[in-house]
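[1] model this:
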Amino acid sequence: MGSLDFDTSAEREGKGVAADKGPICCRPLEADVAISALQKAIRRGLEREAMEFAVELMHTSKAFHSMVCNRLEVICHEDLDTLAAPWVVPFVATALAQSKDRYSSKIGEARLMIGNCIRIMCRAPKSRAGCHFAAAIGLRSQLEGYVPTVPDFAFDQHTLEGRRLSRGLDHFRSEGAKLVPPPTGDDPYEDEAYRLWALKQSK
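    Residues are numbered from 1 along each chain as shown. I've put the predicted structure just below:
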């Protein structure tokens, strides 16, 4: 076996699987196909089918269990609406860490935690916007060499250029600290904070 506990060519042939195929699961099922089916099932909200593919992988080896955990983490950001349900990401991260801790000693508990991840992910609101956002911005930089233009409001008292332009605390308050959308409630400490910052700068 290799470092990832993948089946060797001889073992594949013994199971009736062609030697040129990729790593396989226990019955046998190719790992890349199982992972693909797992993700597509989650995208469609098919929690039972997603779990069936997950257990095929995690029952094969610890390495395949890690593969499932890694893919579930990615799916959270690729296929779920993290703006509508941001709590799903920390829940899944915590449950997967718990599953990894228990895999070697109590696979039933490890499976329980994978199952809860899959259920919550299948029932969560879906969106591909995060994946598209990262690709559109990241690949433009990576493939086309795009470099963003620095907006004028970035040159405040915290930058050399801002100080060269004599932009101080008043500029920062009106431009550098601008929030969009603006706060809806009163900030009872704002004036006092700026008074003390001005005092600090004068020392």
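
[2] Can you check what pLDDT the model gives residue 6?
    pLDDT for residue 6: 37.

[3] try residue 168
    For residue 168, pLDDT reads 97.

[4] show me what contacts it?
    By Cβ atoms under 8 Å, 6 or more residues apart in numbering, the residues touching residue 168 are 157, 201. C-beta: built from backbone N, CA, C; applies to glycine.

[5] what about residue 180, how many neighbours?
    If you count neighbours by other Cβ atoms under 10 Å, residue 180 ends up with 4.

[6] which ones are touching it?
    Contacts of residue 180 (Cβ under 8 Å, 6+ apart): none.

[7] I would like the residues contacting the helix or strand where residue 121 lies, please.
    Counting by DSSP states H and E, the element that carries residue 121 is helix 107-123. The list of residues contacting helix 107-123 from outside it, by Cβ under 8 Å, 6+ apart, reads 41-42, 45-47, 50-51, 54-55, 58-59, 65, 68-69, 72, 75-76, 80, 88, 91-92, 95-96, 98-100, 102-103.

[8] From the chain's centroid, how far away is it?
    Distance of helix 107-123 from the chain centroid (Cα atoms, centre = their mean, to the nearest Å) equals 17 Å.

[9] Would you mind writing the CA trace of it as PDB?
    Taking C-alpha atoms only, helix 107-123 is exported to PDB below (Å, rounded to 0.1, in the frame of the first residue of the first chain):
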ATOM      1  CA  ILE A 107     -15.500   4.800  13.800                       C
ATOM      2  CA  GLY A 108     -19.200   4.800  14.800                       C
ATOM      3  CA  GLU A 109     -18.800   8.100  16.500                       C
ATOM      4  CA  ALA A 110     -16.700   9.500  13.600                       C
ATOM      5  CA  ARG A 111     -19.400   8.400  11.300                       C
ATOM      6  CA  LEU A 112     -22.100  10.100  13.400                       C
ATOM      7  CA  MET A 113     -20.300  13.400  13.100                       C
ATOM      8  CA  ILE A 114     -19.800  13.100   9.400                       C
ATOM      9  CA  GLY A 115     -23.600  12.400   9.200                       C
ATOM     10  CA  ASN A 116     -24.500  15.500  11.100                       C
ATOM     11  CA  CYS A 117     -22.300  17.600   8.800                       C
ATOM     12  CA  ILE A 118     -24.000  16.100   5.700                       C
ATOM     13  CA  ARG A 119     -27.500  16.600   7.100                       C
ATOM     14  CA  ILE A 120     -26.900  20.300   8.000                       C
ATOM     15  CA  MET A 121     -25.200  20.900   4.700                       C
ATOM     16  CA  CYS A 122     -27.900  19.300   2.600                       C
ATOM     17  CA  ARG A 123     -30.600  21.300   4.400                       C
END
